[in-house]
Each structure stands twice: as C-alpha cells, then as structure tokens.
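Colleague: Sequence and predicted structure below; questions after.
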Amino acid sequence: MLTLSPTPTQLNSATGQRSHSLSEQLSQWRRHLHAHPELGFYEHNTARYIKSELEKMPHLKVSQPTETSVLAVLRGDKPGKTVLLRADIDALPIQEENTFDFVSQNPGVMHACGHDGHTAILLGVAKLLSEHPEDVTGEIRMIFQHAEEIGPGGAEELVQRTPLMDGVDVVTGLHLSSGLPTGTVAIKRGAFMASPDAFELTIQGKGGHAAHPNQTIDPIAIGAQVINNLQHIASRNTDPIDNIVVSVTYFHAGTTHNVIPDSAALAGTVRTFDPELRQQAPKLMERIIRGVCEAHGASYTFAYDLGYRAVINTDWVADTLMDIARREVGDKAVVAVPSMGGEDFSAYLTKAPGAYFNVGSGNTAQQSDFPHHHPRFTIDEDALMTGVVMLHEAAVELSK
Ligand code: NI
C-alpha cells in the first residue's frame, strides 16, 4: 500500500508500487506535451517526441502506421493474446487561459481534453512493460492515435487503412475525466458513449417587407416551428427507455429589423447509443421537417452526417477491468454513468471486443475540475499513475 499524493491515491499491486518511481517522468512527459499541443492530423512534433521517447525503451518495436500516429509493439516470451492499448494524442483549437509555466506555446491550440495525459500514461505503460517483458504473454500493441477530435477520426483511418487491428484479440483505452475525483476508475458494460451525429437544414422561404408578411414565406417562423416539433422525437416518437438527444445548436437568418429573409440555416446534433435508433433518427427528423415546411409553403434541404459510432463496451472486458480497478483502487472503482459525448475508440470495437473507461482527474483544490474543452481545463497529475496501473494491469490480464 502506497501513498502517492496528499489526497491519497492508493494503488495496490506491485505495478502500483513500481509506477510510483515513474511519477516524475509522467509529469515531465505530460507537461512537455501540454506546452506543445498540435491539432488532429498535424501532430508531427508530437509524434516525433513520442517516437523518440519510445526508442529509449528496450524491447519495443516502434513504427508509424500513419504520418502522425506511433505504434509500439512488445512481444512477450510466452504465447498469449494480442492486446491493443490506445491513447489519443491530439489537441483542440482553443486559446489556453491557464497561467502555469507549461502553458501552451502554440497560440490558439490547447490540450483541453487531457490527451496530453493519455499520451503520458501510455508512455508510462510502455516503459513499465519494456523493463519487465517477463510480465507479458502474447503481444501488446500500444497505439498513440492521431486526430480523435476531428471526424472521421484517426481511429477510422488506422482501422481501415493499416494492419493495426490484424490479429488483435482485445482492445482497451481510457479517458481522464475532470468530472470524477482523482483516483476514481469508472467502468461499465455495454453502452458507454453515444454516436455524435450532425445535421444541417436550410429552410427556403420567400423574403419581403416585414410590414407585409402575408406576401412572404417566413423562414424564421417556420424554422421556429421545426425546432419545436423536433423536440417530439425524444419525447413522443421514440421509446422513452431509449436515450436520444436532438439539439438544434445553430439558427441563423436575416440581416435587419424590417426585412423577412429568404432563407434560414439551422444545424445541430443527434446522439444515441442504439444503432437502430440511430438509423431511424434522420427519417423521423425529415418527416417533421417536410411536414412543417410543406404546411407553410417552404422548401428545404436537409443533410445528415454520421459521426463516430457509439462506444459499446464488451461485457467480459468491462468485467475484467472492473476486477482490476477494485483490486487497485478499492471503493474508488465505480460503475460509470454513460455519456452522450462521442469517441472514435468505437472504430476499434468494430474489429475486436474491448472496453473504454474513465479515470478521474478532477481535484477542486488543484482547480482541475473545469469541464473538458474549457480554456482553463487541466488535470490532477496524480491521475496519471492510476491510468498507468490500470492499463498495465489490463495488458497483463487480457494478454493471458
Ligand atoms: Ni478527449
């Protein structure tokens, strides 16, 4: 049993003890990455840095499956399964407002989702595994994945265009969460993260003088009706037991107070866990849009873009992770609440069973509880060791 921080995070295995010696290194990696964030598909320096750190470690075969992703492979002495561990490495187009000394040096770009932490964690796992290859059976592939934040996403590219998933038996990965206290490990079976789809709608009416609306087809009034009626999808058109979000997040029309414009532009997002409901959603939406527009004499164009698939965890993998979490963090292992957020980790799950989970990094005293994608987002670095231990133990257990 080991105390790692003033708010004690206790990690119980031998790995937990070993990872303690890694803590400074983890923080150093994470801070370097935090200071040098790069956007998805442009992570050239990030990839170079990861590669050079991995090349310092023994027994690893390091390669670059795509221009800005890095893969490290460790083969165990004994036969076993092939396990894929995944960390995402990209940052966001946000101007950082933190003031610590490792603040982003790239204006307008920031690690505001914790991917700097994910990368440091997987480097830590690589270091532990490479120093103790006797822990490993089978093969451990560690993928430092580019472009999680930008659809269609780096995972899809790796799955479709590289042999990364060939022969993979099981996949896992984690996301730090500022919404959970540091040291918490949150895991669940089944539906974990939603499919984040997007839509765009243009309502074409007929503009004219605002004093004579009878001579116009008012796309703003019609747009308002469409928005109201779309709320019926979640409340009246789908089973209340199924989770669905339909949000209009954009409504632009008009230029001044006395002109009814020709058209209105709307956009938004639809989030579901159930693939069938996901297929139905655009049809339900278009029925409403068509009906309302026709009723008022307007026409429309409607475009619906499928985003990442939902993350649906495999039960037995989630159970294995939960057993590890209970052993390592005791009652800080909790059943996760599913999120309507999206994740391209789901691309890997089309090829192999697996599970994605959260590690808490929220600590009010350290002001690391700002929401993800906030200009003051940061992580409690004590969470890095929890992440290392979870992924390391998962690699060992799942490769057996
Ligand atoms: Ni993220």
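Modeller: Alright, I've got the coordinates.
Colleague: Please count neighbours and contacts with C-alpha atoms only from this point.
Modeller: Fine.
Colleague: Do a quick rundown of the helices in the stretch 101-250 of the chain.
Modeller: Assigned helices in the stretch 101-250 of the chain, in chain order: 115-131, 154-161, 219-232 (criterion: DSSP state H, counting those that start in this stretch).
Colleague: buried stuff in the second one?
Modeller: By that I understand helix 154-161. When neighbours are counted by 16 or more other C-alpha atoms under 10 Å, the buried residues of helix 154-161 are found to be 154-159.
Colleague: quick one on the thing from earlier: would you format the helices of the stretch 101-250 of the chain as a markdown table with distance to Arg290 and mean pLDDT included?
Modeller: Conversion of the helices of the stretch 101-250 of the chain to a markdown table gives the following (distance: least, C-alpha to C-alpha, whole Å; pLDDT from 0 to 100):
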| stretch | distance to Arg290 | mean pLDDT |
| --- | --- | --- |
| helix 115-131 | 42 | 97 |
| helix 154-161 | 33 | 98 |
| helix 219-232 | 9 | 98 |
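Colleague: how about the ones you listed, which one is nearest Thr314?
Modeller: Nearest of the helices of the stretch 101-250 of the chain to Thr314, taken as C-alpha to C-alpha: helix 154-161 at 18.2 Å.
Colleague: from the middle of its chain, how far away would that closest one be?
Modeller: On the basis of C-alpha atoms, centre = their mean, to the nearest Å, helix 154-161 is displaced by 15 Å from the centre of the chain it belongs to.
Colleague: Can you list the low-confidence ranges for the stretch 1-150 of the chain?
Modeller: 1-10, 15-20 (pLDDT under 70).
Colleague: Using the record's assignment, carve the protein into domains.
Modeller: As recorded under automatic domain parsing, the domains making up the chain are 14-192+310-398, 195-305.
Colleague: out of those, deepest packed?
Modeller: Using mean count of other C-alpha atoms under 10 Å, the stretch among those with the largest mean neighbour count is domain 14-192+310-398, at a mean of 21.
Colleague: Let's see the distance spanning it from one end to the other.
Modeller: As for domain 14-192+310-398, its first-to-last residue distance stands at 17 Å under the measure C-alpha to C-alpha, to the nearest Å.
Colleague: State the distance from Arg75 to Leu60.
Modeller: 8 Å.
Colleague: I meant Arg236, not that one.
Modeller: Applying C-alpha to C-alpha, one obtains 55 Å for the distance of Arg236 from Leu60.
Colleague: and if you look at Phe302?
Modeller: Going from Phe302 to Leu60 by C-alpha to C-alpha gives 49 Å.
Colleague: what's near enough to touch the most centrally placed residue in the chain?
Modeller: The residue at the geometric middle of the chain, judged as the C-alpha nearest the mean C-alpha position with C-alpha atoms, centre = their mean, is Glu343 (3.7 Å). Residues in contact with Glu343 (C-alpha atoms under 8 Å, 6 or more residues apart in numbering) are 148, 193-195, 308-311.
Colleague: ok, which stretches of the stretch 251-400 of the chain are strands?
Modeller: For the stretch 251-400 of the chain, applying DSSP state E, counting those that start in this stretch gives strands covering 259-260, 263-272, 299-305, 311-313, 333-335, 354-362.
Colleague: ditto for the stretch 51-200 of the chain
Modeller: Chain-ordered strands for the stretch 51-200 of the chain, with DSSP E, counting those that start in this stretch as the definition, fall at 61-63, 70-75, 78-88, 137-145, 170-181, 185-187, 190-193, 195-204.
Colleague: In JSON lines, list those strands along with distance to Val109.
Modeller: Below are those laid out as JSON lines (distance: least, C-alpha to C-alpha, whole Å):
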{"stretch": "strand 61-63", "distance to Val109": "26"}
{"stretch": "strand 70-75", "distance to Val109": "21"}
{"stretch": "strand 78-88", "distance to Val109": "16"}
{"stretch": "strand 137-145", "distance to Val109": "18"}
{"stretch": "strand 170-181", "distance to Val109": "19"}
{"stretch": "strand 185-187", "distance to Val109": "28"}
{"stretch": "strand 190-193", "distance to Val109": "25"}
{"stretch": "strand 195-204", "distance to Val109": "23"}
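Colleague: Tell me who's in contact with Ser23.
Modeller: Contact partners of Ser23, counting by C-alpha under 8 Å, 6+ apart, are 382, 384-385.
Colleague: Sorry, slip of the keys, the one I care about is Ile233.
Modeller: Taking C-alpha under 8 Å, 6+ apart as the definition of contact, the neighbours of Ile233 are 246, 281, 284-285.
Colleague: which one is Val245 nearest to, not counting chain neighbours?
Modeller: Counting by C-alpha to C-alpha, 6 or more residues apart in numbering, the nearest residue to Val245 once its immediate chain neighbours are dropped is Arg271, at 5.0 Å.
Colleague: how close does the one you found get to Thr301?
Modeller: Going from Arg271 to Thr301 by C-alpha to C-alpha gives 21 Å.
Colleague: quick revisit: is it possible to export the strands of the stretch 251-400 of the chain to CSV including distance to Glu139 and mean pLDDT?
Modeller: Below are the strands of the stretch 251-400 of the chain laid out as CSV (distance: least, C-alpha to C-alpha, whole Å; pLDDT from 0 to 100):
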stretch, distance to Glu139, mean pLDDT
strand 259-260, 65, 98
strand 263-272, 34, 97
strand 299-305, 37, 97
strand 311-313, 22, 98
strand 333-335, 27, 98
strand 354-362, 16, 98
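Colleague: how about those in CSV, adding distance to Pro37?
Modeller: Formatted as CSV, the strands of the stretch 251-400 of the chain follow (distance: least, C-alpha to C-alpha, whole Å):
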stretch, distance to Pro37
strand 259-260, 45
strand 263-272, 27
strand 299-305, 28
strand 311-313, 26
strand 333-335, 31
strand 354-362, 19
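Colleague: out of these, nearest to Phe377?
Modeller: The stretch from the strands of the stretch 251-400 of the chain with the least distance to Phe377 (C-alpha to C-alpha) is strand 354-362; that distance is 9.9 Å.
Colleague: Please compute how far the closest one lies from its chain's middle.
Modeller: What separates the centre of strand 354-362 from the centre of its chain is 10 Å, taken as C-alpha atoms, centre = their mean.
Colleague: Next, the angle from it to helix 115-131.
Modeller: With axes from the mean of the first three to the mean of the last three C-alpha atoms, to 10 degrees as the criterion, the two stretches strand 354-362 and helix 115-131 enclose an angle of 120 degrees.
Colleague: Much appreciated, bye for now.
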